[in-house]
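Novice: Predicted structure and sequence below. I'll ask about it afterward.
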Amino acid sequence: MLNWMGYLKFFVALVGIANPIGGVPIFLALTAGQSKQQLSRTARRAAQTVAGVLIVSAVAGQLILKLFSISIPAFRIAGGILILLMSIDMLLARVGRAKQTPEEAEEAVDREALGVVPLGMPIIAGPASISTVILYTQQSTNWRHVVAVCAVACLVAIVVWIALRSSEWTERMLGQTGVNIFTRIMGLILAAVGVEFVTSGLGELFPALLKSGAA
């Protein structure tokens, strides 16, 4: 079970993966022409979607892994690789295909529920976010731990809502350069998280690696 520093690390990792600041230009592009009331509603729907997706991942994630007979170490390695790939895109200040494909971007223009798809999922709460929640949840079977993970997910959703709700102000203050700098910083943090997931997964699959490393 994580201590409070562990939950703080989890929160930072999730915010980094969600990257709400980096999503501001996408949000403004997809919602161009909407009134302030519509923008507020879209931001709220996106935050609600993020919270729902992450909470479902925390509650049902382990069941899904058991259903497909996927071991935690293997999933940890896969999740770490996915986070590493996403961090590379963030270091280059671009939206990777793991979050949204060009085809999804084209279809999004004609959809009314932009806050749900593609903003809420997969742009903000994508595969990397889901895998991270599952990996942190499996560290303990204590129900308090699951509740804490869900609480962190809700906090991340609140951060997402604040970022999207103030998107116009954020873009004016930071500009594209500021957004790119923030994205690259979070990408560097995510790269470290991804490496940690991969190395710990390899250590669990191949204990001899841990022994040789300790020696």
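Specialist: Right, received. Where do you want to start?

Novice: where's V146, which helix or strand?
Specialist: Element membership for V146 (DSSP states H and E) is helix 143-165.

Novice: Q62 now?
Specialist: helix 36-67.

Novice: got the contact list for the helix holding V146?
Specialist: Residues outside helix 143-165 that contact it (CB atoms under 8 Å, 6 or more residues apart in numbering) are 1-2, 7, 10-11, 14-15, 18, 20-21, 23-24, 27, 39-40, 42-44, 46-48, 50-51, 54-55, 58-59, 119, 124, 133, 136-137, 139, 170. To be clear about C-beta, it is placed using only N, CA and C from the backbone, and glycine gets the same treatment.

Novice: Would you mark the buried spots in it?
Specialist: Applying a neighbour-count criterion of 16 or more other CB atoms under 10 Å, one finds 145-146, 148-150, 152-153, 156-157, 159-161, 163-165 buried in helix 143-165.

Novice: Could you single out the nearest of these to S87?
Specialist: Distance to S87 across these (CB to CB) is lowest for V156, with 17.4 Å.

Novice: can you pull the pLDDT of that closest one?
Specialist: You'll see V156 listed with a pLDDT of 96.

Novice: For P207, see how far away it is.
Specialist: Distance from V156 to P207, counting by CB to CB, to the nearest Å: 33 Å.

Novice: next structured bit after the helix or strand of the chain with the lowest mean pLDDT?
Specialist: Least confident helix or strand of the chain, by mean pLDDT, DSSP states H and E, is helix 102-108 with a mean of 54. Sequence order places helix 127-137 as the next helix or strand after helix 102-108, per DSSP H and E.

Novice: Between helix 36-67 and that following helix, find me the angle.
Specialist: For helix 127-137 against helix 36-67, the angle by axes from the mean of the first three to the mean of the last three CA atoms, to 10 degrees is 60 degrees.
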